[in-house]
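S.K.: Below: sequence and its predicted model.
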Amino acid sequence: MAVIDATGRPPAQAGAAPRPVRSRDPEDHAVPGGREEAWRFTPLRRLRGLLNGPVADSKVDVSVSAPDGVEIERLAPTDSRIGRVLTPADRPAAFAMARSDGGLSVTIPAEAALTEPVVVSLRGDGGVCYEHVLVELGPFATATVVLDHTGSATFAGNVEVFIGHGAALTFVTVQDWAEDSVHLGAHAYSVGRDARLRSFTITLGGDLVRLNPTVDYRGPGGDAELYGLFFTEAGQHQEHRLLVTHEARSCRSRVTYKGALQGEGAHAVWIGDVVIGADAVGTDTYELNRNLVLTDGARADSVPNLEILTGEVVGAGHASATGRFDDEALFYLMSRGIPADEARRLVVRGFFAEIVDRIDLPELRERVMSRVEEELAAVGV
Amino acid sequence: MTTAVSVLEIRNLHVSVDTDTEGPREILRGVDLTVRKGETHAIMGPNGSGKSTLSYSIAGHPKYTVTEGTVTLDGEDVLAMSVDARARAGIFLAMQYPVEVPGVSVSNFLRSSATAVRGEAPKLRTWVKEVKQAMAGLEMDPAFAERSVNEGFSGGEKKRHEILQMTLLAPKVAILDETDSGLDVDALRIVSAGIEAVRAKGETGILLITHYTRILRYVKPEFVHVMAGGRIVDEGGPELAATLEDSGYDRYVKGVEPAAAVS
């Protein structure tokens, strides 16, 4: 088996965890008690009841800016496009689908070549709310779509992304919530034949953010690069659970998540599951998670899993490492006259540069870095 | 003492290092040394004699604790300064093992450093020219500036990068810790030429720390000090280096308790 594993450990054994139930009906999903594999890292008491789908008492303020030719519509709950990519795998996702009153749809027509991004802003205004966002990119189209979460909310939100054959989508989702927000999100991506997805998941705020990005391929030649950046502060819980399923042949996936943590009770969780089915010959996959722990009292859990049912792969591997801030790097920079706070900023900027430099939106790039620097300044490191 | 000439004065310096198993261990046991602007001193000695401890202590590495003695630069108490303040005061340490800083480009690093040491950001146009010239002098490819600091650098590239920084920061005192180690003949020649160029300006006192006499064929010191057991045990002119070339350190090491065995 062509397993390259930078951690030196064998990949996790297949069949260890039962397949989750997939259903739109919330009641088909058991109420988690906290010991389930999918929930064992999540502080359930801080979910503010989202497991039981409280009725919304607020709405996210949605605004969309899109270039000409992009169709924005509100879909009725019965619209057949809802649920085409995403079948909920847990109660919050099922409730989000049931309580979102349809969904917001962004359709980019076939062969369109957008030069400006589509920006969907979701602003929380306190209280419980739900939303369901659908993005469809027609065959051979190229586009960038940004989903921007801000404000304060107790929010369960689904995202379905359908990428047509031969199309290329850059999809950015920013979780820049106020400190008191709770966000549970199921983000499902379906990659067409010879299509390309480049996604950025950037989590910077919130009391608790838990996202489940999933990728499936509808045909051979699909390529998905999933980048993630998170900055977890004191008391925050930020969890990213990825599942990339290779059932089509000759598809590629790359997962690169980087996180920095600081402060008492900061908790980041990264789960990277990759499944390579028996027919998915020619698969090429690699996933990586790096965490930088800046202070005492912060904790990062990082669990990569590979399940491989065919030996005929191009490559399959993973690496995960969580390290302390490098005091020797700090000394080196300071010995060149650079003050401690600026030296730390340089190191953290450098750590995230691999992700941030790939975002082709200068304003967003700058915003992410300045938010990171704000957080660094907040604890005076 | 005149204040017109920059001078680093080390008096009766005692330094301990914290060990995991044995508690603090004294490495330097009373070092005296004076380095003036424009002078070049070589400190030679066997492994474990305390040469690197001396260099890191002057730069302020947190691993080392000064238990006695003083270090002053132009009369200012260096030991009271933070690591970055020491660099801004004019102390530069070229490290034996420069540290990787992933994602921070050489050009960004050099500019941040020059801005801090000079007290203001260098003007972009003259700065670019200045860096280009300094790099050319060290036979460095311009593409080097876009690489991450020390990441994936060869031994020779790391040392050239250290000397590049010394050139741009123009310190009052430069401590070169085993800058010659791990260099092939070509790299040694280039690095030595870089050191010579800084020396020729006459603004920098150089403290060349080395185990071997090889680099002294290129960079000729006026003063040679021999270190053993955490002290300076012999001093002289360039002829002392020639003697060491022939006879080695045996006569200094005999009878001197190695620092490593003292608690």
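M.R.: Received, thanks.
S.K.: Now do the SS call for the residue in chain A that chain B sits nearest to.
M.R.: Per Cβ to the nearest Cβ, residue A:350 is where chain A lies closest to chain B, at 2.8 Å. Using the backbone N, CA and C atoms, a C-beta is placed for each residue, glycine as well. Using DSSP: H, G, I helix; E, B strand; the rest coil, the structure places residue A:350 in helix.
S.K.: where are the low-confidence patches of chain B?
M.R.: Counting by pLDDT under 70, chain B shows low-confidence ranges at B:1-4, B:254-263.
S.K.: repeat that for 80
M.R.: Under the criterion pLDDT under 80, the flagged ranges of chain B are B:1-5, B:253-263.
S.K.: for chain A, same thing?
M.R.: For chain A, residues meeting the criterion pLDDT under 80 lie at A:1-20, A:378-381.
S.K.: Show me what from the stretch 101-250 of chain B comes close to chain A.
M.R.: With the criterion set to Cβ under 8 Å from any Cβ of the partner chain, the stretch 101-250 of chain B comes near chain A through B:101-104, B:108-109, B:112-113, B:116-117, B:148-149, B:165, B:169.
S.K.: quick one: which of those sit in strands?
M.R.: Using DSSP state E, the subset of these located in strands is B:101-104, B:148-149.
S.K.: okay, now the residue in the stretch 51-200 of chain B that chain A sits nearest to: neighbour count?
M.R.: With Cβ to the nearest Cβ as the measure, residue B:103 is the residue of the stretch 51-200 of chain B nearest to chain A, at 2.8 Å. Residue B:103: 21 surrounding residues under other Cβ atoms under 10 Å in any protein chain shown.
S.K.: isn't it right next to residue B:148, touching?
M.R.: Yes. Using Cβ atoms under 8 Å, residue B:103 is in contact with residue B:148, at 5.8 Å.
S.K.: What values do phi and psi take at the closest residue to residue B:56 other than its chain neighbours?
M.R.: Excluding the flanking residues, the one nearest residue B:56 by Cβ to Cβ, 6 or more residues apart in numbering or on different chains is residue B:64, at 5.6 Å. Taking degrees, to the nearest 10, you get phi -110, psi 140 for the backbone angles of residue B:64.
S.K.: now the residues of the stretch 101-250 of chain B next to chain A in TSV, with distance to residue A:362?
M.R.: Output for these, formatted as TSV (distance: Cβ to Cβ, whole Å):
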residue	distance to residue A:362
B:101	24
B:102	22
B:103	18
B:104	20
B:108	17
B:109	22
B:112	21
B:113	26
B:116	27
B:117	30
B:148	21
B:149	24
B:165	30
B:169	32
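S.K.: Which among these count as buried?
M.R.: Among these, those classed as buried by 16 or more other Cβ atoms under 10 Å in any protein chain shown are B:101-104, B:108-109, B:112-113, B:116-117, B:148-149, B:165, B:169.
S.K.: Between the two ends of stretch B:130-149, what distance do you get?
M.R.: Stretch B:130-149 stretches 19 Å from its first residue to its last (Cα to Cα, to the nearest Å).
S.K.: contacting residues around residue 150?
M.R.: Assuming you mean chain A. Neighbour list for residue A:150: A:121-124, A:176-178 [criterion: Cβ atoms under 8 Å, 6 or more residues apart in numbering or on different chains].
S.K.: that's the wrong chain, I meant chain B
M.R.: Remark: with contacts taken as Cβ under 8 Å, 6+ apart, residue B:150 is in contact with B:98-101, B:158, B:161.
S.K.: Quickly check those residues for the two that are furthest apart.
M.R.: Farthest pair in the contacts of residue B:150 (Cβ to Cβ) is B:101 and B:158. Separation: 12.2 Å.
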